[in-house]
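[1] task: produce atomic coordinates for the following.
(one chain, ligands or ions: 1)
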Amino acid sequence: MSSLLHFSTPSPSSRLSSSSFRNSPSNSLLFTKSTLRSIRLPSISRRFNQNRLSLTANASSVVDSPTTSAVDSGGGSPKLLLEVKDLTAVIAESQLPILKGVNLVIYEGEVHAVMGKNGSGKSTFSKVLVGHPDYEVTGGSVVFKGENLLDMDPEERSLAGLFMSFQSPIAIPGVSNIDFLNMAYNARRKKLGLPELGPLEFYDFISRRLKIVKMDTNFLNRNVNEGFSGGERKRNEILQLAVLGADLAILDEIDSGLDVDALQDVAEAVNGLLTPKNSVLMITHYQRLLDYIKPSYVHIMEDGKIVKTGDSSLAQQLEKEGYKGISA
Ligand SMILES: Nc1ncnc2c1ncn2[C@@H]1O[C@H](COP(=O)(O)OP(=O)(O)OP(=O)(O)O)[C@@H](O)[C@H]1O
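    The predicted structure is shown next:
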């Protein structure tokens with residue numbers, strides 16, 4: 001288990017390269033290629049296979065996802081979670097402006113949907129929030145839970161409670177899902193000063209999380225996203241969210257590639273993870289997702305800006321009339 005390293009906040013000199021970011025299955029934890037190569041554990045998945053039948057639930061030693069459970073769940077008015085002011089960003093390589101002054105405020109317990117034509121900047125916005133190195137912020141501010149998000153490394157953002165499910169989750173050959181999730185989960189616990197969960201405790205914990213997303217245990221032993229269908233990858237992203245928890249989950253087109261039953265399962269899983277203390281920012285093209293995950297607000301993005309905000313009726317109007325029918 002000694003190879004479970006590299007999870008502490010990287011120093012500025014060890015900032016992750018853009019290729020390592022792209023090779024991460026989610027921003028929940030960023031693995032450098034060398035980190036991934038260094039995973040030489042007596043594979044947890046193999047041990048689980050051996051021990052599975054003799055497992056007994058040890059619920060008392062298992063806690064909920066740390067970021068969410070660590071948050072005070074007492075009453076009071078909802079707190080400000082994310083405040084984006086006049087955010088502008090360019091593509092790092094070409095310096096082409098994509099975000100041209102995004103403003104958005106999210107409070108705890110809210111679900112925000114961002115819609116907009118292809119190429120309007122929705123994915124760029126979400127990737128800028130998680131610190132994707134393909135983009136450079138050129139102006140504005142982003143405050144997350146009272147902290148300047150733009151000052152944080154991608155890994156710090158994740159450990160602070162930001163999760164992003166990518167539009168096209170990538171595979172990590174040679175790393176099993178359960179090993180990956182166990183390491184990511186323990187990295188978070190370590191960050192929170194909690195003891196790490198051993199393999200058996202983690203297996204018990206993750207088994208319950210698998211039920212939330214209605215995934216078969218076989219997926220635990222398969223390499224991260226390797227050979228997964230598009231829908232299975234999306235479901236696996238939600239499993240990562242269910243395991244790691246998040247104060248703000250950014251879900252980029254989780255509905256794409258899902259059959260109708262899978263869409264319902266994934267939406268139910270997301271709804272099951274929502275509490276009055278956490279929030280979701282989801283990017284979607286279709287009203288159908290919003291039938292299952294009810295948004296507090298719907299935003300329309302156009303040419304790198306949010307040009308209109310409304311309630312779910314805005315998405316219904318869009319479905320009927322298209323973007324031509326929506327005037328800013
Ligand atoms: N890394 C990049 N390199 C070059 N161009 C990029 C890059 N990232 C984004 N763009 C361009 O920025 C614009 C916005 O892209 P983005 O993916 O944010 O749009 P979107 O609103 O999410 O679109 P869609 O609905 O089709 O997913 C597009 O013209 C895209 O080609």
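
[2] next, Glu232: phi, psi?
    Main-chain torsions, Glu232, degrees, to the nearest 10: phi -70, psi -40.

[3] dump the residue contacts of it.
    219, 225 (Cβ atoms under 8 Å, 6 or more residues apart in numbering). Just so you know, the C-beta spots here come from the backbone N, C-alpha and C atoms, and that holds for glycine as well.

[4] and it, how far is that from Phe202?
    Glu232 sits 21 Å away from Phe202, taking Cβ to Cβ, to the nearest Å as the criterion.

[5] please apply the same query to Leu82.
    Distance from Leu82 to Phe202, by Cβ to Cβ: 30 Å.

[6] which parts of the host helix or strand of Tyr185 are buried?
    Assigned by DSSP states H and E, Tyr185 belongs to helix 177-191. Buried residues in helix 177-191, counted by 16 or more other Cβ atoms under 10 Å: 177-191.

[7] the closest residue to Glu268 other than its chain neighbours: neighbour count?
    In space, and not counting its chain neighbours, Glu268 is closest to Tyr292: 7.3 Å by Cβ to Cβ, 6 or more residues apart in numbering. Number of residues near Tyr292 (other Cβ atoms under 10 Å) recorded here: 15.

[8] which residues of this structure lie near the ligand?
    Neighbours of the ligand within the chain, by Cβ under 6 Å from any ligand atom: 91, 98, 116, 118-124, 134.

[9] filter those residues to the buried ones?
    Buried by 16+ other Cβ under 10 Å: 98, 116, 120-124, out of the residues of the chain next to the ligand.

[10] ok, then the element right after the lowest-mean-pLDDT helix or strand in the chain?
    Between all helices and strands in the chain, the lowest mean by mean pLDDT, DSSP states H and E belongs to helix 66-69, at a mean of 35. Proceeding N to C from helix 66-69, the next assigned helix or strand is strand 80-91, under DSSP H and E.

[11] so for the helix or strand just after that following strand, mean pLDDT?
    Sequence order places strand 97-107 as the next helix or strand after strand 80-91, per DSSP H and E. Mean pLDDT, strand 97-107: 98.

[12] so where do the helices sit in this protein?
    Ranges of helices within the chain are 18-22, 33-37, 44-51, 66-69, 122-130, 154-159, 177-191, 199-213, 218-221, 230-244, 260-273, 287-292, 312-321, based on DSSP state H.

[13] report pLDDT for the nearest residue to Leu162 once chain neighbours are set aside.
    Closest residue to Leu162 apart from its sequence neighbours, by Cβ to Cβ, 6+ apart: Leu248 at 5.4 Å. Looking at Leu248, its pLDDT reads 96.

[14] any idea how far Leu248 is from Asp291?
    From Leu248 to Asp291 the distance is 22 Å (Cβ to Cβ).

[15] show me the shaky parts of the stretch 151-300 of the chain.
    Residues of the stretch 151-300 of the chain meeting the criterion pLDDT under 70: 166-171.

[16] Asp216: how many residues sit nearby?
    What Asp216 shows, counting by other Cβ under 10 Å, is a neighbour count of 9.

[17] contacts only, for the residue nearest to Glu268.
    Applying Cβ under 8 Å, 6+ apart, the residues near Tyr292 are 263-264, 267-268, 271.

[18] make a markdown table out of those and add neighbour count and distance to Arg157.
    Shown next, in a markdown table, are the contacts of Tyr292 (neighbours: other Cβ atoms under 10 Å; distance: Cβ to Cβ, whole Å):
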| residue | neighbour count | distance to Arg157 |
| --- | --- | --- |
| Leu263 | 21 | 28 |
| Gln264 | 15 | 30 |
| Ala267 | 22 | 25 |
| Glu268 | 16 | 27 |
| Asn271 | 13 | 24 |
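
[19] go ahead and confirm Leu150 touches Phe144.
    No - shown here, Leu150 and Phe144 do not form a contact pair, counting by Cβ atoms under 8 Å, at 9.3 Å.

[20] what residues of stretch 203-223 count as buried?
    203-206, 209-210, 212-215, 219-223.

[21] mind checking how far the residue nearest to Ser207 when sequence neighbours are not counted is from the ligand?
    The spatially closest residue to Ser207, leaving aside those adjacent along the chain, is Thr217, at 6.9 Å (Cβ to Cβ, 6+ apart). As judged by Cβ to the nearest ligand atom, to the nearest Å, Thr217 and the ligand stand 33 Å apart.

[22] now do Leu241
    For Leu241, the distance to the ligand (Cβ to the nearest ligand atom) stands at 20 Å.

[23] now do the contacts for that residue.
    28, 163, 165, 249, 270, 273.

[24] out of those, which end up buried?
    Looks like those have 28, 163, 165, 249, 270, 273 buried, using 16+ other Cβ under 10 Å.

[25] of the residues you listed, just say which sits nearest to Leu104.
    Ala249 (15.0 Å; Cβ to Cβ).

[26] so the closest one sits right up against Ser158, yeah?
    No - applying Cβ under 8 Å, one finds Ala249 not in contact with Ser158, separated by 11.3 Å.
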